[in-house]
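>>> pasting the sequence and the predicted model now:
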Amino acid sequence: MKAFNVGIRAETLKKKSKSLVKAIILLAFSISLPLMSLLPKSRFINGNFIAYTSAFNFLYILTLFPLKGNFTRKFGVLILGDLLSFIWNSIYPLFLFPFLHENNMLSRLFWFINPIVNAVWIISMWSLGLSLIAPFKVEETAN
Amino acid sequence: MILEALFLIFSAIIFLYAVRHLLFTIVVLRRSNKANEISSNNFCPSVSILIPARNEEKVMGRILKRMVELTYPKEKLQIIVINDGSEDRTGVIAEKFAERHRNIEVVHRSPKEGGRGKASAMNEGLKHAKGEIVLCFDADYYPQVDIVEKLVAPFADPKVALVQGRILVINEPENLLTRLIALERVGGYRVGQQAREGLGLIPLFGGTAGGFRREIIEKLGGLDDNVLAEDTDLTFRVCLAGYRVRYLNWAESYEEAVHDLRSYWHQRLRWAIGHMQCFFKHLFPVIKSKHLNFRQKLDGIFSLNVYFIPVITGIAWILGGILLFRGFSIFNAVLCLIPFFAYSTVGNFAPFFEIGIGMYLDGRTKACRILPLLFPLFLYNILICSFAMMKLCICKLLGKEIKWHKTVHYGRGKSYN
């Protein structure tokens, strides 16, 4: 009986430490991006990347991680999303910068369309994350 | 300055709707882990089922076959088909069923009398209904066999006047549009209606796959055939009279979704105009109502205004563009980009979140992969609702009557897996 109780306690402790590690990973992940904005500006890490990746991480972590499902899969899509954001917001504007000047029409059009275009990848990655989660099951507690 | 003020007001309205979507989703998600069906407690009133039909020969046989299969006691069930001036074999098919089954009746309207919309046909059917409770189904619907028992149960409470069941799409696998409509339906019913029910707000009666207490509706003067969304109109009339509307997520019916963009345009245009008519008719009575509490009033205003939101979004985008191009001052840039950024991420995300969580709760997460494709459909809805508003204004100014545009059904998706 004693050995059985010790076994249960060890199991609970293992579960608790696992969820603690997951929580720490997620917390570190969510605060790392805003912290990046304190770094000196570079060509690759710009305001756009930080803003949109933070928005994606915030929405993704808050809405998908509380749902039941494989942590690794969810985390994998989160990283994939951040990578896509990096490509989209850091590399692609590099090709456009020669055409975008401070005050020209094209530049204004870019700033105008950019949030909408970013919303498309945010929703796509979020949907992909959701589609990999196991279906929900109702507990039979009908009255 | 006026443009800036308008832009900020519109952005604030859009933001409030986004918050509402998020709130509804979180509420449904939190309360989802229990099945809370209402037990009928041996409540077994007499029921009349109305099936208004105009040129529905392709689906008439299917619904009547289903009506025969219903498990509700036959002696308490009256089924009335209202053949609304059909020019095809709808009436003949219905008559054949009526010959074989004593509880099926057919009411024929001449082509001159018919074709004036669903509300007019339903009022005709109401004259023949004898049941204490009246349920209604469109001809393209395919309900569960025990749907009557489920829909009737809440009427045991005398304060309940209207009941709405859940609608799913029978021809979902047909093409991309029907798949996207199925997603919209999941968001609207599994999350939107369910949240309203859970929070004690005002679930909307959809005019089909639901029903009402005959006595109350007759007291209110039947359905208003001057309004294109007679269902929404009835919801608010019932609530303003102090009665309750219930939504039952477990009472499911399948419908045939429109399968091309042209039919989608006509159907949504009718819904949008109808809702806008209801907005002008019920906004002030809802605000002044003594029967509704603050939360219900607020939700009522949100629901009445819902078809103006795509128009407001479209105008906000145009205004944002004008402000941005007028001068790229820091003020303008901040003014335009902050609401833009907020809406495009958190705001625009909200309806997708609602639909995605609805799919998750239905155990169909794999179908979420096509969720981003709803974007073009949202843009299409902006066009439809803007056109609806213009049409309504022009018809009001010129004193013209807005005609009912019927959705054509083809009897697609006969089996649902």
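Ah, there it is.

>>> in chain A, which spans are helices?
Secondary structure of chain A by DSSP state H: the helices cover A:2-36, A:47-64, A:71-86, A:92-96, A:105-131.

>>> hmm, the last one in reach of chain B?
In this case it means helix A:105-131. Yes. Helix A:105-131 reaches chain B (CB under 8 Å from any CB of the partner chain) through A:105, A:108, A:111-112, A:115-116, A:118-120, A:122-124, A:126-128, A:130-131. Using the backbone N, CA and C atoms, a C-beta is placed for each residue, glycine as well.

>>> quick one on the thing from earlier: could the helices of chain A go into a markdown table alongside mean neighbour count and mean pLDDT?
Putting the helices of chain A into a markdown table (neighbours: other CB atoms under 10 Å in any protein chain shown; pLDDT from 0 to 100) gives the following:
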| stretch | mean neighbour count | mean pLDDT |
| --- | --- | --- |
| helix A:2-36 | 11 | 71 |
| helix A:47-64 | 20 | 83 |
| helix A:71-86 | 16 | 88 |
| helix A:92-96 | 11 | 68 |
| helix A:105-131 | 19 | 81 |
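
>>> what about residue B:62, distance to residue B:411?
6 Å (CB to CB, to the nearest Å).

>>> go on, residue B:404?
Using CB to CB, which is the criterion applied here, residue B:404 is 22 Å from residue B:411.

>>> still on that earlier bit, turn the helices of chain A into JSON lines, columns for distance to residue B:200.
Shown next, in JSON lines, are the helices of chain A (distance: least, CB to CB, whole Å):
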{"stretch": "helix A:2-36", "distance to residue B:200": "34"}
{"stretch": "helix A:47-64", "distance to residue B:200": "25"}
{"stretch": "helix A:71-86", "distance to residue B:200": "34"}
{"stretch": "helix A:92-96", "distance to residue B:200": "48"}
{"stretch": "helix A:105-131", "distance to residue B:200": "29"}
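
>>> which SSE is immediately downstream of the helix or strand containing residue B:162?
Secondary structure here is read from DSSP states H and E; on that basis residue B:162 sits in strand B:160-169. From strand B:160-169 onward toward the C-terminus, using DSSP H and E, the following helix or strand is helix B:176-185.

>>> in terms of secondary structure, what does that next one contact?
strand B:160-169, helix B:261-288, helix B:348-361, helix B:374-398 (3 or more CB pairs under 8 Å, 6 or more residues apart in numbering or on different chains; DSSP states H and E).

>>> kindly recompute the last result at 6 Å.
Helices and strands touching helix B:176-185, by 3 or more CB pairs under 6 Å, 6 or more residues apart in numbering or on different chains; DSSP states H and E, are strand B:160-169.

>>> now the strand it packs on: average pLDDT?
Per-residue pLDDT values across strand B:160-169 average out to 95.

>>> can you give me the angle it makes with helix B:176-185?
Direction vectors for strand B:160-169 and helix B:176-185, defined by axes from the mean of the first three to the mean of the last three CA atoms, to 10 degrees, enclose an angle of 150 degrees.

>>> run the chain-centre distance for strand B:160-169.
The gap between the average C-alpha position of strand B:160-169 and the chain average comes to 9 Å, counting by CA atoms, centre = their mean, to the nearest Å.

>>> now do that strand: which elements does it pack against?
In terms of contacts (3+ CB pairs under 6 Å, 6+ apart), strand B:160-169 is packed against helix B:176-185, strand B:210-213, strand B:244-255.

>>> list the buried residues of the second one.
By 16 or more other CB atoms under 10 Å in any protein chain shown, the buried positions in strand B:210-213 come out as B:210, B:211, B:212, B:213.

>>> of those residues, which is the nearest to chain A?
Distances from the buried residues of strand B:210-213 to chain A were compared by CB to the nearest CB; the smallest belongs to residue B:210, at 21.8 Å.

>>> looks like that closest one contacts residue B:164 (just checking).
Yes. Counting by CB atoms under 6 Å, residue B:210 does reach residue B:164; the two are 4.0 Å apart.

>>> re earlier: could you dump the buried residues of strand B:210-213 into TSV with pLDDT added?
Formatted as TSV, those follow (pLDDT from 0 to 100):
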residue	pLDDT
B:210	95
B:211	95
B:212	96
B:213	96
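
>>> so can I have CSV of those showing distance to chain A?
Listed next are these as CSV, based on distance: CB to the nearest CB, whole Å:
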residue, distance to chain A
B:210, 22
B:211, 23
B:212, 26
B:213, 24
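
>>> out of those, which is nearest to residue B:229?
Using CB to CB, residue B:210 is the member of the buried residues of strand B:210-213 that sits closest to residue B:229, with 14.0 Å.

>>> what's the burial count for the nearest residue to residue B:159 once chain neighbours are set aside?
Of all residues not flanking residue B:159 in the chain, residue B:244 sits nearest, at 4.9 Å (CB to CB, 6 or more residues apart in numbering or on different chains). Residue B:244 is surrounded by 18 other residues when neighbours are defined as other CB atoms under 10 Å in any protein chain shown.

>>> next one: residue B:244 from chain A, what distance?
For residue B:244, the distance to chain A (CB to the nearest CB, to the nearest Å) stands at 20 Å.

>>> that residue contacts residue B:157, correct?
No. Under the contact definition of CB under 6 Å, residue B:244 does not touch residue B:157, with a separation of 7.3 Å.

>>> next up, phi/psi of the closest residue in space to residue A:133 that isn't next to it in sequence, please.
Using CB to CB, 6+ apart and skipping residues adjacent in sequence, the residue nearest residue A:133 is residue A:69, 3.7 Å away. Residue A:69 has phi and psi values of phi 160, psi 170 when expressed as degrees, to the nearest 10.

>>> assign a three-state SS to residue B:52, would you?
Secondary structure, DSSP: H, G, I helix; E, B strand; the rest coil: residue B:52 is strand.

>>> compute the distance between it and residue B:126, please.
In this view, residue B:52 and residue B:126 are 11 Å apart by CB to CB.

>>> neighbour count winner among those two?
residue B:52 (28 against 20).

>>> mind checking which helix or strand the nearest residue to that one once chain neighbours are set aside is in?
The shortest distance from residue B:52 to any residue that is not its chain neighbour, by CB to CB, 6+ apart, is 3.8 Å, and that residue is residue B:121. Element membership for residue B:121 (DSSP H and E) is helix B:118-128.
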